[in-house]
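Asker: coordinates only, no sequence provided:
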Ligand SMILES: NC(=O)C1=CN([C@@H]2O[C@H](COP(=O)(O)OP(=O)(O)OC[C@H]3O[C@@H](n4cnc5c(N)ncnc54)[C@H](OP(=O)(O)O)[C@@H]3O)[C@@H](O)[C@H]2O)C=CC1
Ligand SMILES: N[C@@H](CC=O)C(=O)O
Ligand code: NA
């Protein structure tokens, strides 16, 4: 066979990938040319859902990435190290890379892609964003004619699964998280999912593709779903919204500096918006560009089979290019310009206080006449225009008031909150969420 694969990792995605590579019938004929020759794991004795041919498993991952016989290294161990070092060593040994590891790419992409360019090898990562949904290759290959203004979406399956179950059944956060882990959706440390870090990695990758420059991950604003309560889910529903963890990268007018904003936060999405109906482990990525207008990619964002589908499609893409290039395996000829990464500069991101957005805020106040008027005046002092303000409930001497603003400058909204804190009628504001 023409293409030899060294697989690093045989967990959820690794087993899904091996299952496809070992059962080729009915799939693309080029798969017949692809052979899984080594599989690296941590433990040889662990039970697996897949039976591998004998002698494939090893704990010596260094030996895989330096093996002269191997053409493509598929990195599915996750995490930063040893994933980064193994990828770099594999590149140094002339291997093409397929990875699902958004954490390593969003942090070390510059180093990895520079090394790959120097060696003339490909690094493909379709599985790293949106799991099985084709989005990275379509952005590179099918949307290149567009000026992209916005990429936003639901890019974490675990949190969407949790929020959907909390909304539909009033399910308990911890129990649903455990089920997401059992289903293989969550990261090894599910904090990365729940606190929005995984979504931040993914939107940094998408923003980089959309805006043609590198993104410094530490500049991506990131807020997870731990603070979302049943009360807010209920109020959002009554006001016509669904709460989703959105990852958003948007660009304002070309002429402005600091014109790109990249962020992850729970968001009240109008129930009629296409992203509001994306449920369970599904993801969706909504892109707006000129001249295409709006386009949305939808499908399963995590899980063994869907993610392996993306991994194997990357393997096929590399095999396809090498097959048609003059130099064949071991030298891909001139790199395919739509499949490589040529970014050199870093995008300048706007600070969050410059963001223009709507807000939802829930206040606990004293239940006195004139409270709503005082809140309105205080917001008005900071140019925060209110779309609706309602007193939904009273608890003894306290009132629960929900405010939804028009589009406001985030810095002005926070200045208004600072002033509100000084008012003796306001006890606390348990929830502040942005509204799409
Ligand atoms: N799960 C999902 O739905 C998705 C995952 N991803 C990404 O895919 C990657 C893999 O995820 P997933 O399959 O869920 O992870 P798992 O934890 O299920 O599997 C990790 C695998 O890597 C092996 N491994 C980990 N560290 C080492 C090490 N130091 N040396 C040798 N082997 C090691 C483990 O070996 P052993 O089995 O012996 O312990 C295991 O086989 C991650 O980057 C993740 O972010 C992307 C999209 C979706
Ligand atoms: N933990 C991730 C897995 C896919 O990237 C998620 O839940 O989306
Ligand atoms: Na994908």
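Answerer: Yes, it's here. Every value quoted in this text rests on a predicted model; they were computed, and no experiment measured them. Ligands and ions are numbered 1, 2, ... in the order given.
Asker: could I get the contacting residues of the residue in the stretch 201-350 of the chain positioned nearest to ligand 3?
Answerer: Per CB to the ion, residue 310 is where the stretch 201-350 of the chain lies closest to ligand 3, at 4.5 Å. To be clear about C-beta, it is placed using only N, CA and C from the backbone, and glycine gets the same treatment. Listed by CB atoms under 8 Å, 6 or more residues apart in numbering, the contact set of residue 310 reads 100, 126-127, 131-134.
Asker: can I get those residues in a markdown table with secondary structure?
Answerer: Formatted as a markdown table, the contacts of residue 310 follow (DSSP: H, G, I helix; E, B strand; the rest coil):
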| residue | secondary structure |
| --- | --- |
| 100 | coil |
| 126 | helix |
| 127 | helix |
| 131 | coil |
| 132 | coil |
| 133 | coil |
| 134 | coil |
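Asker: of the residues you listed, buried ones?
Answerer: The neighbour-count test (16 or more other CB atoms under 10 Å) applied to these identifies 100, 126-127, 131-134 as buried.
Asker: quick revisit: same for ligand 2: which of the contacts of residue 310 are within range?
Answerer: residue 131 (CB under 6 Å from any ligand atom).
Asker: tell me the one among the contacts of residue 310 nearest to residue 184.
Answerer: residue 131 (10.8 Å; CB to CB).
Asker: so what's that closest one up against?
Answerer: Contacts of residue 131 (CB under 8 Å, 6+ apart): 157, 283, 299-303, 306-307, 310.
Asker: next one: residue 261
Answerer: Contact analysis of residue 261 by CB under 8 Å, 6+ apart lists 221, 248-252, 349-350, 352, 354-355.
Asker: least confident of the residues you listed?
Answerer: The member of the contacts of residue 261 with the lowest pLDDT is residue 252, at 80.
Asker: thought that one was touching residue 211?
Answerer: No: the pair residue 252 and residue 211 does not pass the contact test of CB atoms under 8 Å, sitting 11.7 Å apart.
Asker: who's more crowded, these two?
Answerer: residue 211 (22 against 15; other CB atoms under 10 Å).
Asker: could you find the closest non-adjacent residue to that one?
Answerer: For residue 211, ignoring the flanking residues on the chain, the nearest one in space by CB to CB, 6 or more residues apart in numbering is residue 347 at 5.4 Å.
Asker: what about that neighbour, neighbour count?
Answerer: 22.
Asker: same check on residue 400?
Answerer: Residue 400 - counted by other CB under 10 Å - has 18 other residues nearby.
Asker: that one contacts residue 372, doesn't it?
Answerer: No: under the criterion of CB under 8 Å, residue 400 makes no contact with residue 372, lying 12.0 Å away.
Asker: what is in contact with these two at once?
Answerer: residue 391.
Asker: helix, strand or coil for the residue in the stretch 201-350 of the chain positioned nearest to ligand 2?
Answerer: Residue nearest to ligand 2 within the stretch 201-350 of the chain: residue 302 (3.8 Å; CB to the nearest ligand atom). Classification of residue 302 by three-state DSSP places it in coil.
Asker: ok, now which ones touch the residue in the stretch 1-150 of the chain that ligand 3 sits nearest to?
Answerer: At 3.9 Å from ligand 3, residue 130 is the closest residue in the stretch 1-150 of the chain, using CB to the ion. By CB under 8 Å, 6+ apart, the contact set of residue 130 is 153, 155, 202, 283, 285, 297, 299, 301.
Asker: where's the first one relative to ligand 1, distance?
Answerer: Counting by CB to the nearest ligand atom, to the nearest Å, the gap between residue 153 and ligand 1 amounts to 15 Å.
Asker: burial of that residue, as a residue count?
Answerer: So residue 153, with other CB under 10 Å, has 32 neighbours.
Asker: any residues of the stretch 1-150 of the chain in contact with ligand 3? List them.
Answerer: 126, 130, 133, 135 (CB under 5 Å from the ion).
Asker: the second one belongs to a helix?
Answerer: No: for residue 130, which was evaluated using three-state DSSP, the result is coil, with no helix membership.
Asker: tell me the bridge partners for the closest residue in space to it that isn't next to it in sequence.
Answerer: Leaving aside its sequence neighbours, residue 130 sits nearest to residue 283 (CB to CB, 6+ apart; 4.8 Å). Judged by DSSP bridges, the bridge partners of residue 283 are residue 299.
Asker: check the burial of the residue of the chain at minimum distance from ligand 1 by counting its neighbours.
Answerer: Of all residues in the chain, residue 11 sits closest to ligand 1, at 1.8 Å by CB to the nearest ligand atom. Using other CB under 10 Å, residue 11 is surrounded by 17 other residues.
Asker: check residue 351 too.
Answerer: Residues near residue 351, counting by other CB under 10 Å: 12.
Asker: quick check: residues of this protein near ligand 2?
Answerer: So the chain meets ligand 2 at 131, 156-158, 185-187, 193, 198, 301-302 (CB under 6 Å from any ligand atom).
Asker: of those - the most surrounded one?
Answerer: Going by other CB under 10 Å, residue 156 tops the residues of the chain next to ligand 2 with 36 neighbours.
Asker: tell me the pLDDT at the residue lying closest to that residue once chain neighbours are set aside?
Answerer: The shortest distance from residue 156 to any non-neighbouring residue, by CB to CB, 6+ apart, is to residue 199 (4.5 Å). As predicted, residue 199 sits at a pLDDT of 98.
Asker: my guess is residue 199 contacts residue 249, does it?
Answerer: No: with contact defined as CB under 8 Å, residue 199 does not reach residue 249; the gap is 11.3 Å.
Asker: comparing these two, which residue is more hemmed in?
Answerer: Per other CB under 10 Å, whichever of residue 199 and residue 249 has more neighbours is residue 199, with 33 against 29.
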